[in-house]
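**Q** got a structure for you, letters missing:
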């Protein structure tokens, strides 16, 4: 595997289900991100992890719970979601800009989530 | 807070022709980075080109080039010799140059159609 991978690619869940999205980066980066992409809206940054510590949480509801066990893996745990949470969830990674990198982000293919 | 505006929701171009996508941004910072990302129908977001604000020279990557006007806060993308594979959503993005800031601010995107 190369780049940034995400599983599953598609997910349909009921409002009472619990599921998790997985992201893995194979680029040796030390920062990872979750974005939400809804129709007709700009990408919304949800969470940022740098060196495995959460550095940003953009007022995301608690029904979304991120986990970053190491610098290569990022999870988004979902529970009691609402239909309006249906969207494409994108994961990205980058090298910490303080290390001299410009910090451009590399994205995964996304998980298309539908909440019934 | 920084904002990024893409004023063209949709654009179309004939194959082999040239098209320019517009992007303007608002910031009070002098040090920052700008990016153009491409998201084909397959959904993988791909970095097309990047520009450091401190560089006066416009970035170029093969058929893709930018017109960076710092005073006007404008960052347009020119695609020369358009190909069918260029059809995608194009997103302009801004990142602060402040050390440790990983956050990307995205525009709403421009959908580019390439006509054969």
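**A** Received, thanks. Note that this is a predicted model, so its numbers are computed, not measured.
**Q** that's a helix at residue B:85, yeah?
**A** Yes. Per DSSP: H, G, I helix; E, B strand; the rest coil, residue B:85 lies within a helix segment.
**Q** can you pull the contacts of it?
**A** By C-beta atoms under 8 Å, 6 or more residues apart in numbering or on different chains, the contact set of residue B:85 is B:40, B:114. In short, each C-beta sits where N, CA and C put it, glycine included.
**Q** Equivalent analysis for residue A:3, please.
**A** Shown in contact with residue A:3 (C-beta under 8 Å, 6+ apart): A:25-27, A:106, A:108.
**Q** For it, what are phi and psi?
**A** Phi and psi for residue A:3, reported as degrees, to the nearest 10, are phi 70, psi -140.
**Q** Quick check: the gap between residue B:115 and residue B:83.
**A** Using C-beta to C-beta, to the nearest Å, residue B:115 is found at 12 Å from residue B:83.
**Q** repeat for residue B:42
**A** 16 Å.
**Q** Quick check: residues of chain B near chain A?
**A** Taking C-beta under 8 Å from any C-beta of the partner chain, the part of chain B that reaches chain A is made up of B:4, B:33, B:35, B:37, B:42-47, B:50, B:52, B:91, B:95, B:99-104, B:106-109.
**Q** Using ChimeraX, define a selection of the buried residues within the residues you listed.
**A** Per 16 or more other C-beta atoms under 10 Å in any protein chain shown, the buried members of those correspond to this ChimeraX selection:
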select /B:4,33,35,37,43,44,45,50,91,95,101,102,103,104,106,107,108,109
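**Q** Any regions of chain A where pLDDT drops low?
**A** Scanning chain A for pLDDT under 70 picks out the ranges A:1, A:97-101.
**Q** For it, just list every one of the strands.
**A** Here chain A has its strands, by DSSP state E, at A:4-7, A:10-13, A:18-25, A:31-37, A:44-50, A:53-57, A:64-70, A:73-79, A:87-94, A:106-107, A:111-115.
**Q** and the residue of chain A nearest chain B?
**A** residue A:107 (3.6 Å; C-beta to the nearest C-beta).
**Q** and that residue, how many neighbours?
**A** 23 (other C-beta atoms under 10 Å in any protein chain shown).
**Q** Tell me what it is bridged to.
**A** Residue A:107 has the following beta-bridge partners by DSSP bridges: residue A:92.
**Q** again, but for the one 5 residues further on
**A** The bridge-partner assignment for residue A:112, based on DSSP bridges, gives residue A:10, residue A:88.
**Q** Contact partners for the residue nearest the centre of chain A?
**A** Centroid-nearest residue in chain A: residue A:34, 2.6 Å away (criterion: C-alpha atoms, centre = their mean). By C-beta under 8 Å, 6+ apart, residue A:34 lies in contact with A:23, A:45-47, A:64, A:66, A:74, A:76, A:89-91.
**Q** Recalculate using a threshold of 7 Å.
**A** Contacts for residue A:34 (C-beta atoms under 7 Å, 6 or more residues apart in numbering or on different chains) come out as A:46-47, A:66, A:74, A:76, A:89, A:91.
**Q** And for residue A:82?
**A** Residue A:82 makes contacts with A:15, A:115, as judged by C-beta under 7 Å, 6+ apart.
**Q** One more: the one 5 residues further on?
**A** The contact partners of residue A:87, taken as C-beta under 7 Å, 6+ apart, are A:36-38, A:113.
**Q** Burial check on residue A:61, number of neighbours?
**A** Residue A:61: 11 neighbours (other C-beta under 10 Å).
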